[in-house]
Structures are given as C-alpha cells and as structure tokens.
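Asks: show me the folded form of this:
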Amino acid sequence: MAVGSDSTGAERIVATLSGMPSLTFVDADGNIHTSDAFSENGGPTSPVHGLAIAKNTSREYWLSSPGAGCVVLFDAKSGEFSKNPVRLDGTATPGHLAITETAQERVLWVATDDAYLIKYDLDRKSQQKVSTDAVPDRLFAMPDGSLWFTMPSADAVDCVPPGAAHTTGSINTGKGSKPSGIATDTNSQLWVGLEGTGEMLHISKFRLTPKEGQGQETEVGTRFTHPLRVKAGNLDGTPVGKATIKFVLNGDQARFVGGGTTDIKPVQESGDEMGIAESALLEAKQPGQVDASAEWLEEDVFTPFEGIVVKETIGSPDHLGYRSGAGQHAAVGEKFPAPLSTVVQDKHGAPVRKAKVVFRVRDDSASFEDGSGVTEAISGADGVATTSQSLIAGPVVGRFMVEARAVGAEAGVIFSEYITDTVRRADTVRRDGASR
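Replies: As a prediction, this is how the structure comes out:
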C-alpha cells in the first residue's frame, strides 16, 4: 500500500491485493476503484504484489509480478500498465519494491526470493544484482537515498548506502525475532517491527560488530580461549574512536575473570585497532549456552555474541566399552581384516577424549604389524580409540584374546579372535547349501 496521485494530481491510496492482477484505489472521499488486470503481452492475467511510488513521480506506480517474473509500470495518467514489462536478471522471483532517489540516480529496488536484490536504474534502464546475507523481504527507502531491508530468515536487517551497489553488513535483531515491518518516526528515526517477539527495535546510525569471541566452547571450571571483542563504527563500516563499551553476561554459565558479570572498556582511539574494545577472558561456571552481549553506552546500540557454550566437565577414564573388531578370522600369517575399536567412558558413561588405550595380545598368539604384541591408541572427541596397526595371525590355529585397557580405568575390553589353517570366506557353502 502507498500514496500516489491520480490522473488529475489528486492524492489517493494505491494498494495491491493478494492474488489479484489489478490495483485498488481509494480516493479522498473514500470511493474505491480498481484498475484493469495486468497481463503480459496480452496473455493470461498475472497477480501483482510489490508496490513502490516515488514522491517526485507520484503518478508512476511500479509493481512486481512474481508469476510473470518481472516488474511493470502503471501510468496513472493513462490508467494503463506498460506494454513493456522489465524482465529481471536471474531466475529468482521478484517480491517487495522500493524507490530511492539521489541527485545522481533514481533506483527501483526489487527484493527476490534468493539472497540478492535487483538494483534497476530507472533512467539508464540498467540492472545489477546486489548480494545479501540472506533472502531480503521488506524494503524501505530513506530520504538520503539509502535502502534498508529486513531478512526474517536471518533475524537481521541491512542497508545499501546511497549510490552504492553493496550492503554495509547485517545487523542482528536477536534470535527468533523475525524482523518484518520497517519505517521511520516523525524524528526520522528508523524502527523495525519484530514479528517473532512482538517488539519494536530502534536502528541506530552506529553499529557494533562482534570481531572475536563467538562460536567457542570450554568445560566447567576452565577459561574460554578468546575474549569478547567488538568494533564500534558507522553504518558504512568506518570505525569510531570515541566510545565506551559495556560487555554483559546474563545467567550463571560464565563470569569475567575476577567474578563480575559486566566489563566496561573504551575503544581504541586510533591505529589499526581503532574502534575495537576487548573484554576480560570468560570463566566457565555452569553447563549451557552463554548469554553474552555488548552495549555502546553513548548510543542506543547493542549486539549479542552467539555460539558460546559451557560443557560439562568430563571425568577421568573409568571403563571401556566395546565398539568393533571382535570375532574375526584370519589364516596363519595373514592380517585380520578390521581394526580393534573401543570407547573410553567416565563413571557416568560420558566419552573421555585424549585417553591412552593399550591393546595387548595374550599368550603371544598374534602380533601387530611392528612385530610387537602391544600397540596404543588415543581416544578422540567421541571417546573412541581404534588401533592403527593391523593384527597379524600367529602360527597356532585356534582362538586367542586381545585385551584393551585405558590408563586409569578399572575395567577393560576383551576381544576374541580366531586363527584358521585356511582363509575363511563369507561365501563358502555348507553341505546343506546355506552360506556361512
């Protein structure tokens, strides 16, 4: 919905209706009219969706037609759709529209159902793609010629500066917020409606960008490797050398070194680190997701830190669990086909990483590739320890055992293996005809 002018210059409300190929008009007296239906080249009618009307050209209504894959001009003077719709580059479907105007260019912006915008120059009749971090939805043109847009699937908004063909970088609106509507108030302050939380979010002309500290994890009782670092800057990315940042930890999962839940630091005033503020290191206290954020005290700017996790402390090895490799057959002097594998666990059954497991052949009935009856393996993050050397059958036919134990564990695992005088094949047939 937008405000445009009719053929006489009088203002009226212009609206598209879901699934309809025509426009709806409401004049100052409340009278309702509709346009003819849009059809491309005299073909079947096609619904119109997005709508944009520039203030200086209020009799020109630009619309998107997702079904036809184009944008089209409706001329209020003639009351007709253009006979020459604009076909868009690429295969994405056009959605919402907006028009920005500067002294240098007039641009029709087209949201698509892919991760890019179409920038269509209304005077030069040229178009180009502008990549976005996620699928754009609602568009909003600012008086300075910049374009703002929402990305509900990414819980973010972004901006294209005046005259540019690139974005400034996503601004996170909070997990699950799903930004939808976007508009300015009477003081030209930008606001975003958050469908996911039912709130309104003010967008500042400044931004905080996380530079370090996201996506790390550690165990209870240890310190995280990286501090929280943010960059204070303008929307165009240029750093700001005068700002005070307050780092905040909510919940019981972590504390800054020293025990506090807040850490206030100024940004660097100059040099390569201009605009950067860095917190103290974090200490893990309780398992769970860490709720960490940074606030710019002089401005209404906030950013969360994502993916910081405290894991439960893993105990020392208590016992081994069987994984694979037992019950194999090999002929005298041949290699057994599969490695031996166990999982190291603590007393609660949780996997223990970096534990040394010793595999030992009993009675010298076989050896590993290096000729020894003993080999070692180190458990991985999943607690699994697997032999890297093949087991070689000895000269005596019969059953033998391999014992696996972890250093410090009370219980191990016994593998029973078999040495035969010939190679045992899976496809040999017993006398009754059944496979064995």
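
Asks: wait, isn't K356 in contact with E376?
Replies: Yes - counting by CB atoms under 8 Å, K356 touches E376, with 5.9 Å between them. The way it works is simple: take the backbone N, C-alpha and C, and place the C-beta from them, glycine included.

Asks: got the domain ranges for this protein?
Replies: The record assigns the chain these domain ranges, following automatic domain parsing: 2-204, 209-311, 319-420.

Asks: now those domains in a markdown table, with mean neighbour count and mean pLDDT?
Replies: Putting the domains of the chain into a markdown table (neighbours: other CB atoms under 10 Å; pLDDT from 0 to 100) gives the following:
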| stretch | mean neighbour count | mean pLDDT |
| --- | --- | --- |
| domain 2-204 | 17 | 93 |
| domain 209-311 | 18 | 93 |
| domain 319-420 | 17 | 93 |
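
Asks: and the gap between N84 and L73?
Replies: Distance from N84 to L73, counting by CB to CB, to the nearest Å: 9 Å.

Asks: correction: the previous question concerned L235.
Replies: 31 Å.

Asks: same question, T93
Replies: For T93 relative to L73 (CB to CB), the value is 19 Å.

Asks: what's the overlap in contacts for K356 and E376?
Replies: Jointly contacting K356 and E376 under the rule CB atoms under 8 Å, 6 or more residues apart in numbering is no residue at all.

Asks: check contacts around the closest residue to W109 other than its chain neighbours.
Replies: Using CB to CB, 6 or more residues apart in numbering and skipping residues adjacent in sequence, the residue nearest W109 is A98, 4.7 Å away. Going by CB under 8 Å, 6+ apart, A98 touches 52, 108-109, 139-141, 147, 149.

Asks: secondary structure element holding A98?
Replies: Taking DSSP states H and E as the criterion, A98 maps to strand 94-101.

Asks: partner strands of that strand, with direction?
Replies: Strand 94-101 pairs in its sheet with strand 106-112 (antiparallel), by DSSP bridges.

Asks: and after the strand it pairs with, which helix or strand comes next?
Replies: Immediately after strand 106-112, counting by DSSP H and E, sits strand 116-121.

Asks: so what strands line up beside the helix or strand following that following strand?
Replies: Toward the C-terminus, strand 116-121 is succeeded by strand 126-131 as the next helix or strand (DSSP H and E). Each strand paired with strand 126-131, and its direction, by DSSP bridges: strand 116-121 (antiparallel).

Asks: centre of the chain versus the partner strand, how much separation?
Replies: 24 Å (CA atoms, centre = their mean, to the nearest Å).

Asks: other residues contacting it?
Replies: Contacts with strand 116-121, where a contact means CB under 8 Å, 6+ apart, come from 71, 86, 88-90, 92, 94, 105-112, 126-132, 136, 139, 147, 149, 160, 165.

Asks: now swap in stretch 123-130 and tell me
Replies: With CB under 8 Å, 6+ apart as the test, stretch 123-130 has contacts from 86, 88-90, 105-106, 116-121, 160, 165-167.

Asks: what's the answer for stretch 49-59, then?
Replies: 1-7, 9, 11, 14-16, 60-66, 71, 75-77, 94-99, 101, 106, 108-111, 139, 141.

Asks: backbone torsions only: list them for the residue most central in space within the chain.
Replies: The centroid of the chain falls nearest to A154 when counting by CA atoms, centre = their mean (7.0 Å). Dihedral angles of A154 (phi, psi; degrees, to the nearest 10) stand at phi -110, psi 0.

Asks: quick check: closest non-adjacent residue to it.
Replies: Using CB to CB, 6+ apart, the nearest residue to A154 is A134, at 3.5 Å.

Asks: for that neighbour, list the residues it contacts.
Replies: 115, 151, 153-154, 156, 170.

Asks: now distance to T184 too, for those residues, in a markdown table please.
Replies: Output for the contacts of A134, formatted as a markdown table (distance: CB to CB, whole Å):
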| residue | distance to T184 |
| --- | --- |
| A115 | 26 |
| M151 | 19 |
| S153 | 24 |
| A154 | 22 |
| A156 | 19 |
| S170 | 20 |
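
Asks: ok, so of those residues, who is nearest G333?
Replies: A115 (60.3 Å; CB to CB).

Asks: name the strands paired with whatever helix or strand A385 lives in and say parallel or antiparallel.
Replies: Per DSSP H and E: A385 is located in strand 384-386. Sheet pairing for strand 384-386, assigned by DSSP bridges, gives strand 341-345 (antiparallel).

Asks: give me the sheet partners of the following helix or strand past the strand it pairs with and which way each runs.
Replies: The helix or strand immediately downstream of strand 341-345 is strand 356-361, counting by DSSP H and E. Here strand 356-361 is paired, per DSSP bridges, with strand 374-378 (antiparallel), strand 398-406 (antiparallel).
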